[in-house]
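[1] could you look at this predicted model? Sequence included:
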Amino acid sequence: MSTPETSRFVRLRVELVLEVDDADAVTKAALRRISDDATVPVDERAHAESAVTEDTAEALAYLVDPFDLVSEVPGVELAQASWSSERIEYDPDSPDWDLDEDDGDEDFDGEGAARVG
């Protein structure tokens, strides 16, 4: 991997804004996922259950798994992932949320790869 052209690694950035119509359903689904996961130690399970019960954004973070997004893509393996969720103020009519608009953030990462965002 001495040159950028030979790198096999790609960073894929995805930003989602979700509208939660039924916070209770999201919380219940997260609690089910936690209880069904036998690999979660008891003390961590209690902490996770508390977090998803108190915050719908935390519940969504337990339900959305980056591996699920790429597991069916042929020829790729997830090497690393991180994600978070937070409550935001969202106005779909605001120009700040226009995904089609060139926001001027596109540049090159110094290794010849185009970077947006």
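    All right, it came through fine. Numbers count the residues shown, from 1 in each chain.
[2] mind checking how far stretch 73-83 is from the chain centre?
    Distance of stretch 73-83 from its chain centroid, counting by CA atoms, centre = their mean, to the nearest Å, is 12 Å.
[3] residues contacting stretch 77-91, please?
    9, 17, 19, 55-58, 60-61, 64, 66-67, 70-71, 97 (CB atoms under 8 Å, 6 or more residues apart in numbering). For the C-beta atoms, the positions are set from N, CA and C on the backbone; glycine is no exception.
[4] flag the shaky bits of the chain, pLDDT-wise.
    For the chain, the stretches with pLDDT under 70 are 1-4, 99-117.
[5] can you pull out the strands in it?
    In order along the chain, the chain carries the following strands (DSSP state E): 107-108, 114-115.
[6] how near is the residue nearest the centre of the chain to residue 12?
    Centroid check for the chain by CA atoms, centre = their mean gives residue 83 as the closest residue, at 4.1 Å. Residue 83 is 12 Å from residue 12, where distance means CB to CB, to the nearest Å.
[7] state the number of residues packed around residue 34.
    19 (other CB atoms under 10 Å).
[8] so it makes contact with residue 49?
    Yes. Contact criterion CB atoms under 8 Å: residue 34 and residue 49 qualify, at 5.8 Å.
[9] ok so, going back, out of the contacts of stretch 77-91, which is nearest to residue 45?
    Proximity to residue 45 was ranked across those by CB to CB; first place goes to residue 58, at 14.0 Å.
[10] residues near the closest residue to that closest one other than its chain neighbours, how many?
    In space, and not counting its chain neighbours, residue 58 is closest to residue 51: 4.4 Å by CB to CB, 6 or more residues apart in numbering. Using other CB under 10 Å, residue 51 has 16 other residues around it.
[11] over to residue 30?
    Residues lying near residue 30 (other CB under 10 Å) number 22.
[12] residue 62 now?
    Other residues lying near residue 62 total 21 when counted by other CB under 10 Å.
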